[in-house]
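Visitor: Following is a predicted model, sequence given first.
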Protein chains: 2
Amino acid sequence: MMVPPAIHLGLEISVLAENEGSSARLAATRVGDYHDAATVLAFAQGVDAITFDHEHVPQSVLRALVDAGVAVHPSPEALFVAQDKLVMRQRLTDLGLPVPDWARLETPADLAAFLADHGGRAVVKTARGGYDGKGVRVVSDPSEVADWFAGLSDPSVDPESTGGALLAEELVEFRRELAQSVARRPSGEIVAWPVVESVQRDGVCAEVIAPAPSSAGRLADMAEDIARTIAAELGVTGVLAVELFETTDDRILINELAMRPHNTGHWSIDGSTTSQFEQHLRAVLDLPLGDTGTFEDWSVMINVLGGPTTGTLADRLPAAMADQPSAKIHDYGKDPRPGRKVGHVTVVGDDLDDVVFRARAAADHFLD
Amino acid sequence: MMVPPAIHLGLEISVLAENEGSSARLAATRVGDYHDAATVLAFAQGVDAITFDHEHVPQSVLRALVDAGVAVHPSPEALFVAQDKLVMRQRLTDLGLPVPDWARLETPADLAAFLADHGGRAVVKTARGGYDGKGVRVVSDPSEVADWFAGLSDPSVDPESTGGALLAEELVEFRRELAQSVARRPSGEIVAWPVVESVQRDGVCAEVIAPAPSSAGRLADMAEDIARTIAAELGVTGVLAVELFETTDDRILINELAMRPHNTGHWSIDGSTTSQFEQHLRAVLDLPLGDTGTFEDWSVMINVLGGPTTGTLADRLPAAMADQPSAKIHDYGKDPRPGRKVGHVTVVGDDLDDVVFRARAAADHFLD
């Protein structure tokens, strides 16, 4: 999704893809393993800047790029905070930002103590490698994450892959989940999109409403302040998405960080003057950032999760397009698979109920 | 510009480009000569449909594709009307559509007679091969197009390249130029964007205002009716752009036709729910057509003609972006050259004066 704005802006983009079948096939693509520093260094010859569409590139590879004089955005130091949830929690706590109660867990006894202090339940997360609900469990007894603790002390498991400890967090009573995206460029400029509501289903973002209903004023200001502070204090370059809880007692707590264009910002492709993908390109090239205004009062983005059990999304295009001519349909060209994000649909307009209806109606065509 | 919507819709696009340096380098590109039927037939293996971004593909090549069973959109029959201005004038006249007075010119005497009937001045056009003001001259004496007549009778000139005659048209007294774009798919559905005003400079489109100011009602209806009639009667598939004169006596006359996404529709990339490029893809694949509504009251598109005399457009991006963060900048990646269309800028908003100001201010950064 970074390729379309690159084409419009006349920027040349090259992609290091994991495999031939990746959705990045339309850009100049080299296939290679991003864990291998030599592969990535060879790829980086002649580019002006390197960025990522996930957080899993090893620190050793990132630092090899920096040592070779490549402009890496976000920087390894900033990205590390998004790669390791324990580091993230510590940095946010040090910055005085609102986070759930948390603890570093090296042993089951550490978790038992945390449970005792938090009503007998907690969220346990692996420090590294989780996404979309993976690496997250709600537990009431340390035995429920015995396998994760065993991994920490298993000499055959690379400590680099685990971060050496688990993270415990209080089970936050929240009214809804929000997400705040900002972009920052190396010279310091920061812009923010409106805070959005992210409706989760089975731990995965299912729908996004931009802006979050009833968010104008205090809520929007708090969310934007938090994200701007994180971007500035951590020196983030590119897009930063901050996932937030709106608690039942009207607080905002930081859940997760992503330092890249994020699913909760996909609405901006069709709903904002500058999409998160164009903005990310501008930011990593240290170009002035674009206007983040919206065309219509509401944008609603619905993920196509899993897709149809027979055939492809392409087979369903005619029916979806005929039914909802105002829907912006995005087909990632991935094979349908239960739970997989294979596409999304965005609708914009001035009547929220109508916009939600049209977006869901279009997206439903891509499911059984 | 057809590649970005193809990426979003999950459509695979292949490009037969004239040379390596073309702006189409981001899509799967084969380099070859579109005048050579064997080259085009080989390229067409395995595609679902073939379309064009200009009208210059020879009829012999188009018919070879059809004979080989390739879906060609627009069809050779329809495209022929856009390729040959004499054919176009005759077809539009036969359809009873409003056109300037015209005549087929085989000899200077034919032109002398036409001049005598039209106040001593006329527009003379080559039937084939002209664009952006090329192949068009305003004359008051046949000697001013003696070279063109000589070409018609020169046995070394392929009659296929000239069409065998010239076209004379009355010099229309017009208030302004308009353009009406529609899209039609093979199964018959037609959609229309609002009629736009096209401001010409030296025979080239310089600015487009969408919709055309003061066009609501009768003017918009007439323009849309004309374009819908042409699309339906000629069986056009894909985007059809109809260039129109609004005469000083409040008539609408058809100037030119283009059967492809057209410069006067570039505003739709940033100003309409469905851009002309997405719509063209939908239409040539016989997919249901998308909504042609606009987000804001006004969209203004300014062509970057020529570009800077030193350096590239990319060098000017930082200043343009910093000055006009709401401008959508399109850099075609072409080398600057006097008069060449090397990019465009679009701004949308609800105050026309403000939108025009911002668009011009952004575009000016790309000129000396």
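Guide: Thanks, I have the structure now.
Visitor: Just the element for the residue in the stretch 51-200 of chain A that chain B sits nearest to, please.
Guide: Minimum separation of the stretch 51-200 of chain A from chain B (C-beta to the nearest C-beta) falls at residue A:191, amounting to 8.2 Å. For glycine as for every other residue, the C-beta is placed from the backbone atoms N, C-alpha and C. Residue A:191 belongs to strand A:190-192 when assigned by DSSP states H and E.
Visitor: tell me what that strand is packed against?
Guide: strand A:174-184, helix A:218-234 (3 or more C-beta pairs under 8 Å, 6 or more residues apart in numbering or on different chains; DSSP states H and E).
Visitor: Please name the bridge partners of the residue of the stretch 51-200 of chain A closest to chain B.
Guide: residue A:183 (DSSP bridges).
Visitor: wait, what's in contact with it?
Guide: A:182, A:183, A:279, A:289, A:290, A:291, A:292 (C-beta atoms under 8 Å, 6 or more residues apart in numbering or on different chains).
Visitor: these two touch, right, the fifth one and residue A:274?
Guide: Yep, that's residue A:290 we're talking about. Yes. Using C-beta atoms under 8 Å, residue A:290 is in contact with residue A:274, at 3.1 Å.
Visitor: what is in contact with these two at once?
Guide: Common neighbours of residue A:290 and residue A:274 (C-beta under 8 Å, 6+ apart) are A:282, B:325.
Visitor: Who has more neighbours out of those two?
Guide: residue A:290 (25 against 22; other C-beta atoms under 10 Å in any protein chain shown).
Visitor: Which SSE is immediately downstream of the helix-or-strand element of chain A with minimal mean pLDDT?
Guide: Lowest by mean pLDDT, DSSP states H and E among the helices and strands of chain A is strand A:28-31, with a mean of 80. Next helix or strand after strand A:28-31 toward the C-terminus (DSSP H and E): helix A:37-44.
Visitor: buried set for that next one?
Guide: A:37, A:39, A:40, A:43, A:44 (16 or more other C-beta atoms under 10 Å in any protein chain shown).
Visitor: and the last one, what does it touch?
Guide: By that I understand residue A:44. Residue A:44 touches A:50, A:65, A:68, A:70, counting by C-beta under 8 Å, 6+ apart.
Visitor: tally of neighbours for residue A:247?
Guide: 16.
Visitor: Tell me who's in contact with it.
Guide: Per C-beta under 8 Å, 6+ apart, neighbours of residue A:247: A:172, A:173, A:174, A:175, A:253.
Visitor: contacting residues around the helix or strand in which residue A:110 is found?
Guide: Residue A:110 belongs to helix A:108-117 when elements are defined using DSSP H and E. Contact with helix A:108-117 is made by A:103-105, A:121-122, A:124, A:139-143, A:145-146, A:149, A:166, A:168, as judged by C-beta under 8 Å, 6+ apart.
Visitor: try stretch A:201-212
Guide: A:132-133, A:136, A:176, A:178-179, A:193-200, A:219-220, A:263-264, A:266-268, A:271, A:294, A:298-303, A:305, A:339, A:341, A:352, A:356, A:359-360.
Visitor: can you tell me the average pLDDT over it?
Guide: Averaged across stretch A:201-212, pLDDT comes to 93.
Visitor: go on, stretch A:47-67?
Guide: 94.
Visitor: Okay, and residue A:205 sits in which element?
Guide: strand A:204-210.
Visitor: Just the CA trace of that strand, in CSV.
Guide: Presented in CSV, the C-alpha positions along strand A:204-210 are these (Å, rounded to 0.1, in the frame of the first residue of the first chain):
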residue,chain,number,x,y,z
VAL,A,204,-8.0,-8.7,15.9
CYS,A,205,-9.0,-5.3,14.6
ALA,A,206,-12.3,-5.8,12.8
GLU,A,207,-13.6,-2.3,12.2
VAL,A,208,-12.3,1.3,12.6
ILE,A,209,-14.4,4.4,12.9
ALA,A,210,-12.6,7.7,12.2
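Visitor: what's the angle from that strand to strand A:174-184?
Guide: On the basis of axes from the mean of the first three to the mean of the last three C-alpha atoms, to 10 degrees, strand A:204-210 is oriented at 70 degrees to strand A:174-184.
Visitor: Direction included, what does strand A:204-210 pair up with?
Guide: Counting by DSSP bridges, strand A:204-210 is paired with strand A:196-201 (antiparallel), strand A:298-305 (antiparallel).
Visitor: Which among these is found nearest to residue B:244?
Guide: Nearest to residue B:244, of all the strands paired with strand A:204-210, is strand A:298-305, at 34.7 Å by C-beta to C-beta.
Visitor: I would like the residues contacting that closest one, please.
Guide: A:201, A:204-211, A:263, A:266-268, A:270-272, A:313, A:339-352, A:355-356, A:359-360, A:362-363, A:366-367.
Visitor: What are the structural domain limits within chain A?
Guide: Domain segmentation of chain A under automatic domain parsing yields A:3-81, A:101-169, A:174-364.
Visitor: Near chain B, which residues of the stretch 251-368 of chain A? Just list them.
Guide: A:269, A:273-274, A:282, A:287-291, A:293, A:295-296, A:313-314, A:317-318, A:321-322, A:325-326, A:328-333, A:343, A:348 (C-beta under 8 Å from any C-beta of the partner chain).
Visitor: gap between the residue most central in space within chain A and chain B?
Guide: For chain A, the residue nearest the mean C-alpha position is residue A:262 (3.7 Å; C-alpha atoms, centre = their mean). Applying C-beta to the nearest C-beta, to the nearest Å, the value for residue A:262 to chain B is 18 Å.
Visitor: Pretty sure that residue sits against residue A:183.
Guide: No. With contact defined as C-beta under 8 Å, residue A:262 does not count as touching residue A:183 (11.3 Å).
Visitor: shared neighbours of the two, which are they?
Guide: A:239, A:276.
Visitor: returning to what we had before: and the domains of chain A as a markdown table, adding distance to residue B:225?
Guide: Compiled in a markdown table, these are given as follows (distance: least, C-beta to C-beta, whole Å):
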| stretch | distance to residue B:225 |
| --- | --- |
| domain A:3-81 | 33 |
| domain A:101-169 | 52 |
| domain A:174-364 | 21 |
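Visitor: So which of the ones you listed is the most surrounded?
Guide: domain A:174-364 (a mean of 21; mean count of other C-beta atoms under 10 Å in any protein chain shown).
Visitor: what about that one, start to end distance?
Guide: 28 Å (C-alpha to C-alpha, to the nearest Å).
Visitor: And for stretch A:232-241?
Guide: OK, stretch A:232-241 end separation, C-alpha to C-alpha: 13 Å.
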